[in-house]
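Chemist: 3D, please:
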Amino acid sequence: MAKQDDLQRSGRPSVLVLALLTAIVLLAFALRAYRIDGQSFWYDEGISATLAPRSLATITLSAAADIHPPLYYYLLHFWSSLVGTGELALRWLSLIFGVLLVVLVFKIGTVACRDVACNVPTHNRPASAPALIACFFAATSPLLIYYSQEARMYIQTAFLGALSTYLFLRILRPLRVPSVATSQPRVVGHWIAYAVVTIAFLYSHYFAFSLLLAQNLYFLALWGPLAFARARRSTPGPLSLAPCPWLPIQALILLSFLPWLLMTYAGASGWPSISEPFDLPTLLRRVFLVFSFGLSWDASATPNRELVFLLSLGGLVLYALVVGRASLGRILWPVLYLLVPVLVMYALSLRRPMYNPKFLLLAAPGYYLLLGIGLIGFAEAASRVVRRPAFARGILPATIIAAFLFGATYGTWSSTYAYYHDAKYARDDYRGLAAYVESLAEPGDAIVLNAPGQVEVFEYYYKGDLPRFPLPQERPIDEGNAERQLRTLAESYSRLWLVLWAVPESDPRGFIEGWLVENAFKADSRWFGNIRLVLFSLPTSTDADYRQTNVNFGNKARLTGYRIGKESLRPGDVVDLVLYWQAIGPISERYTVFVHVIDQHEYLWGQRDGEPGGGAKITSIWKPGETVEDRHGVPVLLGTPPGDYKLELGLYDAGDGRRLPILDEGGTVVGDRFLFGTLRVSKPGAPPGLRSLMMQHQVSSGFGKDVLLLGYDFHKLGFGRDNVEIRPGDIALLTLYWQAAAGKPADYDISLAVLDKAGRTVLGRDIGPAEGAYRTDKWESDEIVRDQHKLLLRDLSPGEYVLTLGLTDAATGQPVPAAERIGNIPGRIELTKFAVR
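Modeler: Next up is the predicted model:
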């Protein structure tokens, strides 16, 4: 028995513990390496990538002007000189820190919990059990995984904080366990290492001081009672000198950071609030959720899943009952590790709210240590309650621990999966935004970056040659200067791409976007994470004819007239449309305007939905009788076949999608859309890039030698492209993307067939492209054609189906050879499988 206790107290892990630790560390590495470059750099990571290759002097000055100390940028500078500045290369440094942090959680657990564990009278549990459990929680933590895949200093800060803590606990172990003796040279080495690491910790992030405060509080909690007792007994001993090295070391640490603090204090102290005000219960609730489930906690946090973590924390009470009051003080450090940074954030936020989970990342190991100790509390309590049969006393605690770990892992996995794969939780997508602009850019375009600080991360990804203009050029914005620059841009370019990020800080009144809404035509608006990209078409002339109308939309609003810019266009051009509205009476609802480019078969070849005035002239503020000028830009889809098209417009409630009816003079409903105008679309000048087509599925399948299928979209008509939940009677929309090979193709028909599970054709459609209006023999060499088909699935019973495609020679009716084939069916390829529910 004594020999076993000695082994447990020695701190040397057994072979089993080492094997489990190795498995956990490998799991941590796999979770952090998976899809590490799957997301774009966001704004802050762009700063990291930009600063990394610069000189140390430049990095120092740039960091001084920012809100972060420079150590991370220094390390990244040397790291990038070895591995480059790619996404994968820069994020690997964080991955390394993230994996090492998991190891340190185990090491801290063995030091912090070892002596407590040995006081628990059990023969079945090794002293490292709480540390292993905490290590597992850290390895699978969605929060730690997220920041281990981000090229920023937060996981480095958490790692250095943990390393400082480990050295701190090693130094103070004689205070915690008086029977432990350590050689003098080793103690000196620990002190030196602690000082160096803690200084590096402070130079990683300003909030690091909160953990240093926790260490000092813990030191006082340990040393104070001992010193007081010795002073009363007047018995000298080595512990009476314990504070002597502590105070000089703390002074050295603070003095080492003082020069940087003096240089940057004014800028850091004047930084604005970054969150809404909050009370302490709200903060504790947020910390519990993000430490348990990560930033994507709302994807997985349910009352039952939260209960697993709450019960684990509740196990601390059972632990207190098991170990007794004498040993309870030894779990004080994990409590301080977690709560002191949280309370410091709360105190600082009373004046200037500053909640951000990444600032508290350094406290996460304390949370996972408490979870580990709490689970041991449950296990030990169970082993004391269930004493017979004897084997149950050993099996039951292990079963409880395994059940809790399974429940926690099950609860957090959906959060981790959402982070990996759900765009809702992705970082700002500058990579996708830059690629989108590159694919759709035309000569005469320009890019406006609002806020200007985006220019570096944007140019990290953007490889095109469009001119870039950061606006506004000053903070706070000079609206007069910004307007002069915008007028110059409007006179010089035909389209402007506006990239909007952190606008409340750079342009609080939204002046730049508002000016463009009033003076240009908003053609496209989409989000890439928290970045918004808006395309504005600039008017080429102001003499478009005014055409008077009198269209009554549900006795709410009247369209009194419109202007159309140029009516002869090519695919990719924007229809410049000015609408003139009047409110018939007070309007309490907010209606959205839709404008579609349609052909005679009701296919959409361009679409723009938006509130009037780009959201600046919403219908609920219209005054009866007042004329409202409303500009819209409607882009014509790339690949649109040449021909004549119409415009349709209407109003709908954004809440439920219901359109306002159009009423005649007698109040009779005559429809829900207004058809007007005639657009003539001609052949494109050059084929667009494949990326610009935004195809849902890219296939590249050849038919014969003269036609290539580039890809297709398939979804339920009237719904988003990801909606394939088809029911009997639904209409599916299939869009095919064709390209003519060198030379003009022959005349072909499109042959579509839906096959059931037995391979029988249950639905077929044979027709020329564009409903026969733009047959293949009219295509030019290399021309790309978008071809839409509506499939009425009314006769399909629930089941699994396959949609196939082929071409037939219009003259002979023979199938055209395809690069692929389905079984013994020549000239056909499988497009997609779908289910009817």
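
Chemist: Run through the chain and note the low-pLDDT ranges.
Modeler: For the chain, the stretches with pLDDT under 70 are 1-13, 114-127, 174-185, 226-244, 266-273, 319-330, 382, 385-394, 541-542, 820-826.

Chemist: According to the record, where do the domains of it fall?
Modeler: 14-424, 434-537, 546-681, 695-836 (automatic domain parsing).

Chemist: These: which one's closest to P687?
Modeler: Closest approach to P687 among the domains of the chain is made by domain 695-836 (4.7 Å; CB to CB). The C-beta positions use only the backbone N, C-alpha and C, and glycine is treated the same way.

Chemist: for the closest one, the distance to its chain's centre please.
Modeler: 35 Å (CA atoms, centre = their mean, to the nearest Å).

Chemist: Kindly report the same for stretch 151-163.
Modeler: Using CA atoms, centre = their mean, the offset of stretch 151-163 from its chain centre is 21 Å.

Chemist: Contacts for that stretch next, please.
Modeler: Around stretch 151-163, the neighbours that count as contacts under CB atoms under 8 Å, 6 or more residues apart in numbering are 41, 44-45, 48-49, 68, 71-72, 75-76, 87, 90-91, 93-94, 97-98, 100-101, 104-105, 108, 144, 147-148, 197, 200-201, 204-205, 207-208, 211, 358-359, 361-362, 364-365.

Chemist: send the alpha carbons of that stretch over as CSV?
Modeler: Extracted C-alpha coordinates of stretch 151-163, given in CSV (Å, rounded to 0.1, in the frame of the first residue of the first chain):
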residue,chain,number,x,y,z
ALA,A,151,-3.6,32.7,-37.1
ARG,A,152,-3.9,35.0,-34.1
MET,A,153,-2.3,35.2,-30.7
TYR,A,154,-5.1,33.9,-28.5
ILE,A,155,-4.2,30.2,-28.4
GLN,A,156,-0.5,31.2,-27.9
THR,A,157,-1.6,33.4,-25.0
ALA,A,158,-3.6,30.4,-23.5
PHE,A,159,-0.5,28.2,-24.0
LEU,A,160,1.9,30.6,-22.3
GLY,A,161,-0.6,31.2,-19.5
ALA,A,162,-0.8,27.4,-19.0
LEU,A,163,3.0,27.0,-19.1
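
Chemist: what's near enough to touch S312?
Modeler: When contacts are counted by CB under 8 Å, 6+ apart, S312 touches 371, 374-375, 378, 404, 408.

Chemist: 7 Å - rerun?
Modeler: Counting by CB atoms under 7 Å, 6 or more residues apart in numbering, S312 makes contact with 371, 374-375, 404.

Chemist: just these now: which is nearest V342?
Modeler: Nearest to V342, judged by CB to CB, of the contacts of S312 is L371 at 15.6 Å.

Chemist: Would you mind confirming that the closest one is in contact with L132?
Modeler: No: with contact defined as CB atoms under 7 Å, L371 does not reach L132; the gap is 11.8 Å.

Chemist: so how far is Y367 from V105?
Modeler: For V105, the distance to Y367 (CB to CB, to the nearest Å) stands at 10 Å.

Chemist: Next: W527.
Modeler: Distance of W527 to Y367, given as CB to CB: 33 Å.

Chemist: Please say which of the two ends up with more neighbours.
Modeler: Set side by side, W527 and Y367 show more neighbours around Y367, with 27 against 13, by other CB atoms under 10 Å.

Chemist: And L371 and L132? Which one has more around it.
Modeler: More neighbours surround L371 than the other of L371 and L132, with 28 against 22 (other CB under 10 Å).

Chemist: what's the closest non-adjacent residue to that one?
Modeler: S312 (4.7 Å; CB to CB, 6 or more residues apart in numbering).

Chemist: Using a markdown table, lay out the domains of the chain together with distance to P687.
Modeler: What follows is the domains of the chain, written out as a markdown table (distance: least, CB to CB, whole Å):
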| stretch | distance to P687 |
| --- | --- |
| domain 14-424 | 27 |
| domain 434-537 | 12 |
| domain 546-681 | 9 |
| domain 695-836 | 5 |
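
Chemist: Quick one: closest of these to G689.
Modeler: domain 434-537 (5.0 Å).

Chemist: Show me what whichever helix or strand D630 is part of is packed against.
Modeler: Element membership for D630, per DSSP states H and E: strand 627-635. Using 3 or more CB pairs under 7 Å, 6 or more residues apart in numbering; DSSP states H and E, the elements in contact with strand 627-635 are strand 521-528, strand 574-583, strand 591-598, strand 604-610.

Chemist: Okay then, goodbye and thanks.
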